[in-house]
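1. When you get a sec, could you give me coordinates for this:
(chains A and B)
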Number of protein chains: 2
Amino acid sequence: MADTAAKRETDTVGTDELTQKVKRARVDDENGDDGVEKDPESENILSEFKTSAVLSDSAREKTIFIHGKLGDQEAVVILEKTPIREDTLAELFTGSKLKLEMKNDIYSTYQLLAPAKFNEIKTTVVCPATEKHVKKYQRQESSLVEETGEDYKSITLPYIQKQSFSVQWVHNILDKKAETERIVFEDPDPDVGFLLLPDFKWDQKQVDDLYLIAIVNQRDIKSLRDLTSEHLPLLQNIFQKGKEAILQRYSLAASKLRVYLHYQPSYYHLHVHFTKLGYQAPGCGVERAHLLADVIQNLQSDPEYYKTRTLYFPLRAEDGLLGQFKEAGRL
Amino acid sequence: MADTAAKRETDTVGTDELTQKVKRARVDDENGDDGVEKDPESENILSEFKTSAVLSDSAREKTIFIHGKLGDQEAVVILEKTPIREDTLAELFTGSKLKLEMKNDIYSTYQLLAPAKFNEIKTTVVCPATEKHVKKYQRQESSLVEETGEDYKSITLPYIQKQSFSVQWVHNILDKKAETERIVFEDPDPDVGFLLLPDFKWDQKQVDDLYLIAIVNQRDIKSLRDLTSEHLPLLQNIFQKGKEAILQRYSLAASKLRVYLHYQPSYYHLHVHFTKLGYQAPGCGVERAHLLADVIQNLQSDPEYYKTRTLYFPLRAEDGLLGQFKEAGRL
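-> The predicted structure is shown next:
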C-alpha cells in the first residue's frame, strides 16, 4: 500500500522513494533468513558493472540512473551525490585543495578538491532488475492533454472504471487497519471529515519540505471532476481544519502553505495536498495543481464548474490514458 | 535592461547568474592591469575563512551559500557539487570503494567513496561582499497573499502606480530600439499583435529548458487584473500564433508547452510565458502561474472574472507590496 502511495505520488523518480521502500521492507521482514546482509564492508561489486545506457540524469540534482549488467544479470544503478553539510564546513575549508579558475575584481571562482571522506556518493543497486524497473527510471516525455467535460465522460471515466485502480490502501487507512500511528489530525465526520497524515516523500525532519495529505472520509468522490457546490462544506472544512492542525503540530502559519488538488490525481479517492510554500514539491506546477481556494471560489460562483470545464493536464508517454486520448483523435 | 529582466524573472538565486556576470565582466575588461590572476595554482585562501552564517542551502541541488570573513573582510562563499558525468562512470565504478549499507531482496544501498579527483566542488567567492550580496543570497521566506478585487483597487493598484516601475526597456523592444536581433516572431497588429522572444534565462542551446516571452503591443494592460472579455481576441491570437512560431522555429509541438501568465507579474506590461512542459521553470508553480487556456475559458464564461475574483500569490518578506497588505491588516 505504502508503496502505491509513494510511487503514484511521485512525478520524478528519486532515490529517496527506493530507500523508503527498502527501509519499510526491512522493518516488515522480521524473520531470520531474509537475505539481509549485516557485514558493512564488502567487495566492490560495481567494478564489474557494464553500463548499457544512462536512463536519466540531472545536472541540477547531481543524480544519474544507469542501466547495465552485473555479471549476467540486468541491473539498475542509481548514484546521487550527498548534500553539503553545514557541520563539515570547517574541515572542508581547512582540509581541501583550492585551484583558482578565475579572478576578477571582487569575484573569484575555484575548483575545490575536498578530502576523500567528503566524496561520498549514495548508491542504490537493483539487481536483478526487470523491464519495469528500467522503464520506471527512464526519462519520460509528457504531453499536455485537453479534456472537455464530454471527453471526461467518454474517455477518462470509462478508462478509470475499466482499470479499477485499487484504493484498498486508502480504505485501510480510513478503517485504521494501517498507518494509525502516522495520523496527524482526524475529523471523524462521515460527510465533511478527513484524515491528515504526512506524505511518504516527507521525512518529517524539517518543515522546509513539509508535505501532508488530507484523505476524505467519503469514499465515492474520485477527483476534482466529481466536485459540485454540495461539496463546499467538505472542502471548506479540510481547508480550515487542515491549516489549523498544521499550525498546531508544526508551528507553520497558513500563509506559508500551498494547498491544492491534483488533476489527474495519482489515485481516485479525493485527497488534498498541503505543502510548504517555497518548496518545489513534485506536482505543484500549474499544469497539474489546482489551489483549493480557487476550487472553492469556482464552485461558489458555478456549482457545475468542474463538470463542464475543459481541464488541462500532462500525461507521460507510457500512460494508458494518453493512448485512449490518441485513439479518440483528441491529441 | 537585460539585467533587470533576468533578475526580476528569477525566483531563486543560482550560481549560474554570478558565473555569467563574471564571464561578462572578464570579456569587457581587456586592459592589462585588471586584477585577473593567471596562475591556476594558489594557496588555500579558504583555510582562513570564518563562517558566520549559512545564508541558504539545498539538499536537492547540493549547494550551500555561506556568509563569513576572510581576514577582516566580509565574504560570501558559494559551494556546489559537480554533476555526475557519464564519461567518468567506468572509472568511478572500478576505482571506488563501496560500503554496503543495506541489502534486502533485489535492492541494496551503498556508500560509494569515489577517487579524490571526482571530488570537485565548484566554489565561488565574493570578497569583499556588501550587505546587498548577503541579502541576495539569503533565503527569503514568502507569504501567500489573498487579494480580493477590492484589495486590488485599494492596496495593489495604488502601490503599483506610486512605485511607477519602469517598463522603458519593454517599450524599447516594441519600438525596435533594442534586442531586434532576438525577436523570434512578430505580429505588428496594434490591438492583437505581440513580439515573441527568448527569455534571458534560456541560453537557446537545447529545447529542454525552452523559455520564451510574448510581449503585447498594447501598452495599457498591466496584468491579469486588467483583462476582460474584450481582450479575448488578443489572448487567443498570442496562444495560437505563439505555439505556431515555436513549432516552426524549434520543432516543439504545442502539446509540449506550458503557456501561462504570472500574477503578480515581474513587470506591469502584459506578457505571456511559454516554457517546455517538464522543465521546472522558476515561477511555474500553481501559486503564481495561470494557464492562458484557463484565463481564456474563464473570461469566456465571465467577462469580469479577473476583476472580481480573489487571487492568491506569494510575496517575499522584503517586498514592499507585502508591507502594504500588512499595513491594511490583510495578513
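2. Buried residues of the longest helix along chain A, list them for me.
-> When chain A is parsed with DSSP state H, its longest helix is helix A:232-250. Residues of helix A:232-250 classed as buried by neighbour count (16 or more other Cβ atoms under 10 Å in any protein chain shown): A:L232, A:L234, A:L235, A:N237, A:I238, A:F239, A:K241, A:G242, A:K243, A:A245, A:I246, A:Y250. (C-beta placed from N, C-alpha, C; glycine too.)
3. Output the contacting helices and strands for it.
-> strand A:185-187, strand A:194-198, strand A:211-216, strand A:257-262, strand A:271-276, helix A:292-301 (3 or more Cβ pairs under 8 Å, 6 or more residues apart in numbering or on different chains; DSSP states H and E).
4. which one among the buried residues of helix A:232-250 gets closest to A:L113?
-> Proximity to A:L113 was ranked across the buried residues of helix A:232-250 by Cβ to Cβ; first place goes to A:Y250, at 39.7 Å.
5. right, and A:V167 touches A:H269 too?
-> Yes - counting by Cβ atoms under 8 Å, A:V167 touches A:H269, with 4.5 Å between them.
6. Show the residue spans covered by the helices in the stretch 51-200 of chain A.
-> A:89-95, A:131-137, A:149-151, A:157-163, A:168-174 (DSSP state H, counting those that start in this stretch).
7. would TSV of those helices with mean neighbour count, mean pLDDT and distance to A:L195 be doable?
-> Formatted as TSV, the helices of the stretch 51-200 of chain A follow (neighbours: other Cβ atoms under 10 Å in any protein chain shown; pLDDT from 0 to 100; distance: least, Cβ to Cβ, whole Å):
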stretch	mean neighbour count	mean pLDDT	distance to A:L195
helix A:89-95	17	93	41
helix A:131-137	15	84	28
helix A:149-151	14	98	30
helix A:157-163	13	93	23
helix A:168-174	17	91	6
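8. Please report the distance of the residue of chain A most remote from its centre from B:L55.
-> Going by Cα atoms, centre = their mean, the residue of chain A most distant from its centre is A:D105, 43.7 Å out. Distance, A:D105 to B:L55, by Cβ to Cβ, to the nearest Å: 21 Å.
9. Read off the pLDDT value for the nearest residue to A:N217 once chain neighbours are set aside.
-> Nearest residue to A:N217 in three dimensions, chain neighbours excluded: A:G193, at 4.3 Å (Cβ to Cβ, 6 or more residues apart in numbering or on different chains). pLDDT, A:G193: 98.
10. Could you tell me how far the longest helix of chain A lies from the centre of the chain?
-> 22 Å (Cα atoms, centre = their mean, to the nearest Å).
11. do stretch A:151-161 as well
-> 25 Å.
12. To B:T51, which of the helices of the stretch 51-200 of chain A lies closest?
-> The nearest among those, by Cβ to Cβ, is helix A:89-95 at 5.6 Å.
13. so, in contact with chain B or not, that closest one?
-> Yes - using Cβ under 8 Å from any Cβ of the partner chain, we find that helix A:89-95 touches chain B at A:L89, A:A90, A:L92, A:F93, A:T94.
14. near chain B, which residues of the stretch 201-331 of chain A?
-> Close to chain B, as judged by Cβ under 8 Å from any Cβ, the stretch 201-331 of chain A has residues A:253-258, A:260, A:277-278, A:280, A:284-287, A:289-291, A:293-294, A:297, A:301-302, A:309-310, A:312, A:314, A:331.
15. Put the buried members of these into a ChimeraX selection.
-> Entered in ChimeraX, the line below selects the buried ones among those, by 16+ other Cβ under 10 Å:
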select /A:254,255,256,257,258,260,277,278,280,284,285,286,287,289,290,291,293,294,297,302,309,312,314,331
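16. Relative to A:K69, how far out is the closest residue in space to A:S251 that isn't next to it in sequence?
-> Spatial nearest neighbour of A:S251, chain neighbours left out: A:V207 (7.8 Å); criterion: Cβ to Cβ, 6+ apart. With distances taken as Cβ to Cβ, A:V207 is found 43 Å from A:K69.
17. same check, this time on A:D302
-> Counting by Cβ to Cβ, the gap from A:D302 to A:K69 is 57 Å.
18. Kindly report the same for A:D191.
-> Counting by Cβ to Cβ - A:D191 and A:K69 are separated by 56 Å.
19. What ranges does the stretch 1-150 of chain A have for its strands?
-> A:49-58, A:63-70, A:73-81, A:97-104, A:107-113, A:120-126, A:142-147 (DSSP state E, counting those that start in this stretch).
20. residues of the fifth one that come out buried?
-> Of all the residues in strand A:107-113, those buried under the rule 16+ other Cβ under 10 Å are A:Y107, A:S108, A:T109, A:Y110, A:Q111, A:L112, A:L113.
21. Serialize those residues to a markdown table and add fields for pLDDT.
-> Below are the buried residues of strand A:107-113 laid out as a markdown table (pLDDT from 0 to 100):
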| residue | pLDDT |
| --- | --- |
| A:Y107 | 86 |
| A:S108 | 89 |
| A:T109 | 87 |
| A:Y110 | 93 |
| A:Q111 | 92 |
| A:L112 | 94 |
| A:L113 | 92 |
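22. related to what we said a few turns ago, return the member of the buried residues of helix A:232-250 nearest to chain B.
-> Ranked by distance to chain B (Cβ to the nearest Cβ), the buried residues of helix A:232-250 are led by A:K243 at 10.9 Å.
23. Show the contacting residues for that closest one.
-> A:A254, A:L257, A:V259, A:F274 (Cβ atoms under 8 Å, 6 or more residues apart in numbering or on different chains).
24. Export stretch A:261-280 to CSV, keeping only CA atoms.
-> Provided in CSV are the C-alpha atoms of stretch A:261-280 (Å, rounded to 0.1, in the frame of the first residue of the first chain):
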residue,chain,number,x,y,z
LEU,A,261,-5.6,19.1,-5.5
HIS,A,262,-4.1,17.3,-8.5
TYR,A,263,-5.9,16.6,-11.7
GLN,A,264,-5.3,13.9,-12.8
PRO,A,265,-4.7,12.6,-9.3
SER,A,266,-2.5,9.7,-8.6
TYR,A,267,-5.4,7.7,-7.1
TYR,A,268,-9.1,8.2,-7.5
HIS,A,269,-10.1,8.8,-3.9
LEU,A,270,-10.4,12.6,-3.2
HIS,A,271,-7.3,13.9,-1.3
VAL,A,272,-5.8,17.4,-0.8
HIS,A,273,-2.1,18.2,-0.8
PHE,A,274,-0.6,20.6,1.9
THR,A,275,3.0,21.6,1.0
LYS,A,276,5.3,24.3,2.3
LEU,A,277,5.2,27.4,0.1
GLY,A,278,8.7,27.8,-1.5
TYR,A,279,9.3,24.1,-1.5
GLN,A,280,9.2,23.0,-5.2
